[in-house]
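Novice: Below: sequence and its predicted model.
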Amino acid sequence: MTVLGIETSCDETAIAVLDIKDMEHVSVRANVVSSQIALHAKFGGVVPNLAAREHANNIGHVLEAALKEAKISDIGKKVDLIAVTRGPGLGPALLVGIAFAKALAWKYDKPLVGADHMRAHVYSNWLPDSAGKLISLQASKRFPILNLIVSGGHTELVLMDGYENFKLIGETMDDAVGEAFDKVARLLGLGYPGGPAISRRAEKWKSEARLRPELRPRGNPKFKIKFPRPMEKSKNYNFSFSGLKTAVLYKIQDLKEAGIEITDDIKDQLCFEFQRSAVDVLVQKTIRAAQEHGAKTILLSGGVSANSLLRTELSKAAADSGLAYGQPLLTYTGDNAAMIGLAGYAAQKYGKADTDWQSVDMDANLFIATSN
Ligand code: KG4
Ligand code: ZN
């Protein structure tokens with residue numbers, strides 16, 4: 001069947017067209033993402049009403065572009081199902097996509113399904129590359145799967161026993177890990193979003209510290225920087241990242257009070273150590289949760305799954321523990337509508353989703369373990 005996916009939960013206006021035979025035979029015919037990042041950057045984060053206005057301005061053009069890319073001239077004849085993000089996300093932003101999707105469903109008399117944005121991140125692991133190859137893994141054959149979902153708004157460990165069968169194992173008690181990256185980046189004046197900037201600086205530090213011994217903490221004890229691994233040893237599978245962010249803030253204050261200028265080198269090192277701490281906790285807890293819950297596979301997803309240290313460390317740790325591992329293609333780590341199309345398909349095929357357009361409602365706080 002041909003599915004039209006629509007995503008407006010945060011700062012990307014996205015529409016995709018997928019052909020889906022079953023979960024393991026998916027082809028992405030169009031995947032258009034119009035990002036508002038530049039608009040929100042000057043405010044240091046996403047402004048909900050501004051996001052909604054931009055979605056409303058852009059969504060018609062994004063649809064046109066997606067239909068053109070997929071070579072579809074008539075939605076009425078060529079589309080079988082419309083899927084739209086119903087939550088979680090920013091209320092005003094979600095409403096634009098939902099209203100637009102309802103209007104399309106009504107106009108063309110199509111079934112409409114409300115998709116869960118977090119489940120959609122999980123399903124991004126089922127999206128193939130441009131040659132149509134499913135590179136993440138044949139995940140359906142490896143249930144139970146333990147998902148580590150890491151984004152700007154969520155950090156969750158979710159056990160998946162089958163399609164649409166999700167159980168929350170652990171989550172953050174305060175900031176999401178992406179939020180912590182964004183806040184640390186703001187402390188260091190690195191702009192929004194913070195994840196990519198921190199990751200780049202951390203990589204730079206790693207390569208330069210080796211070449212310039214004077215930068216190494218041992219070479220210069222004044223700059224010795226080490227951050228805590230919050231909740232690493234706690235028995236449950238919850239996380240906490242706000243203390244880690246505060247530890248970075250205190251370190252910056254200490255350095256300044258000691259008369260040390262926060263140079264680019266020091267910023268790089270702070271990024272490296274912060275990223276190391278965050279990734280250590282995520283990897284350690286994910287592996288432990290997978291073992292305790294008898295998972296066969298670990299799947300990573302969400303915006304922070306673009307982080308290269310997290311990708312390599314989690315994949316190594318899974319292999320060391322004899323677990324299968326998968327991660328989305330980089331194209332699908334951030335918010336996109338291809339994952340929404342697939343999540344909508346799964347919700348109506350394996351869940352209890354209603355496909356009458358009148359029954360699709362926004363739920364800004366939608367919770368992965370109970371939705372649909
Ligand atoms: O899933 P997403 O695109 O939007 C939400 O649903 O929240 O995630 C966005 C988050 C932001 O916090 C951003 O800083 C983070 O993902 N992010 C990264 C990287 N790329 C994006 N965090 C760490 N390393 C990255 N390379
Ligand atoms: Zn997201």
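Specialist: Great, that's in hand. Ligands and ions are numbered 1, 2, ... in the order given.

Novice: What's the first helix or strand after the helix or strand that contains Gln253?
Specialist: Assigned by DSSP states H and E, Gln253 belongs to helix 242-257. Heading C-terminal from helix 242-257, the first helix or strand you meet, by DSSP H and E, is helix 264-292.

Novice: what's the angle from that next one to helix 242-257?
Specialist: Angle of helix 264-292 versus helix 242-257, following axes from the mean of the first three to the mean of the last three C-alpha atoms, to 10 degrees, is 160 degrees.

Novice: what about the helix or strand just after helix 264-292, near ligand 2?
Specialist: Scanning forward in sequence from helix 264-292 by DSSP H and E, the next helix or strand is strand 297-301. No: Strand 297-301 is not in contact with ligand 2 by C-beta under 5 Å from the ion; minimum separation 8.9 Å. Just so you know, the C-beta spots here come from the backbone N, C-alpha and C atoms, and that holds for glycine as well.

Novice: residues touching whichever residue of the stretch 201-350 of the chain sits closest to ligand 1, list them.
Specialist: Nearest residue of the stretch 201-350 of the chain to ligand 1 (C-beta to the nearest ligand atom) works out as Gly303 at 1.9 Å. Residues near Gly303 by C-beta atoms under 8 Å, 6 or more residues apart in numbering: Val150, Ser151, Gly152, Gly178, Pro193, Gly195, Thr333, Gly334, Asp335.

Novice: The residue nearest to the third one when sequence neighbours are not counted in helix, strand or coil?
Specialist: It refers to Gly152. Leaving aside its chain neighbours, Gly152 sits nearest to Gly178 (3.8 Å; criterion: C-beta to C-beta, 6 or more residues apart in numbering). Per DSSP: H, G, I helix; E, B strand; the rest coil, the local secondary structure of Gly178 is helix.

Novice: and Gly178, how many neighbours does it have?
Specialist: Close neighbours of Gly178, defined as other C-beta atoms under 10 Å, add up to 25.

Novice: same deal with Val281?
Specialist: Neighbours around Val281, by other C-beta under 10 Å: 22.

Novice: for the residue nearest to Gly152, what are its contacts?
Specialist: Contacts of Gly178 (C-beta under 8 Å, 6+ apart): Val150, Ser151, Gly152, Gly153, Thr155, Pro193, Gly195, Gly302, Gly303, Val304.

Novice: repeat for Asn58
Specialist: Counting by C-beta under 8 Å, 6+ apart, the residues that Asn58 touches are Thr13, Ser34.

Novice: Please report how far it lies from Leu81.
Specialist: Using C-beta to C-beta, to the nearest Å, one gets 23 Å for the distance from Asn58 to Leu81.

Novice: Could you do Arg53 as well?
Specialist: Arg53 sits 28 Å away from Leu81, going by C-beta to C-beta.

Novice: More neighbours: the two, which one.
Specialist: Leu81 (22 against 16).

Novice: Give me the neighbour count for the residue lying closest to that one once chain neighbours are set aside.
Specialist: Of all residues not flanking Leu81 in the chain, Val3 sits nearest, at 4.8 Å (C-beta to C-beta, 6+ apart). Val3 is flanked by 26 other residues according to other C-beta under 10 Å.

Novice: Relative to Ala289, which of the contacts of Gly178 is nearest.
Specialist: Within the contacts of Gly178, the smallest distance to Ala289 is 12.6 Å, found for Thr155 (C-beta to C-beta).

Novice: Tell me the residues of the protein that contact ligand 1?
Specialist: 10, 151-153, 178, 181-182, 193-196, 199, 302-304, 306-307, 334-335 (C-beta under 6 Å from any ligand atom).

Novice: how does it look with 8 Å?
Specialist: Listed as neighbours of ligand 1 in the chain under the rule C-beta under 8 Å from any ligand atom: 9-12, 89, 117, 121, 150-154, 176-179, 181-182, 185, 192-196, 198-199, 275, 302-304, 306-308, 310, 333-335.

Novice: Taking those, please make a ChimeraX selection of just the buried ones.
Specialist: Burial among the residues of the chain next to ligand 1 is assessed by 16 or more other C-beta atoms under 10 Å; the matching ChimeraX selection reads:
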select :9,10,11,12,89,117,121,150,151,152,153,154,176,177,178,179,181,182,185,192,193,194,195,196,198,199,275,302,303,304,306,307,310,333,334,335
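
Novice: Need the per-residue pLDDT for Ser140.
Specialist: We have a pLDDT of 64 for Ser140.

Novice: again, but for Leu137
Specialist: On the pLDDT scale, Leu137 gets 71.

Novice: In three-state terms, label it for me.
Specialist: State at Leu137, reduced to three classes by three-state DSSP: coil.

Novice: if I pick it, what's in contact with it?
Specialist: Listed by C-beta under 8 Å, 6+ apart, the contact partners of Leu137 are Asn125, Thr297, Ala324, Tyr325, Gly326.

Novice: So which bits of the stretch 251-372 of the chain are right by ligand 2?
Specialist: Asp335.

Novice: Whichever residue of the stretch 251-372 of the chain sits closest to ligand 2: what's its closest spatial neighbour, skipping adjacent residues?
Specialist: Nearest to ligand 2 in the stretch 251-372 of the chain, going by C-beta to the ion, is Asp335, at a distance of 4.5 Å. Nearest-residue entry for Asp335: Glu12, 4.4 Å, with adjacent residues in sequence omitted and distances by C-beta to C-beta, 6+ apart.

Novice: if I look at the one you found, how far off is ligand 2?
Specialist: According to C-beta to the ion, to the nearest Å, Glu12 and ligand 2 sit 9 Å apart.
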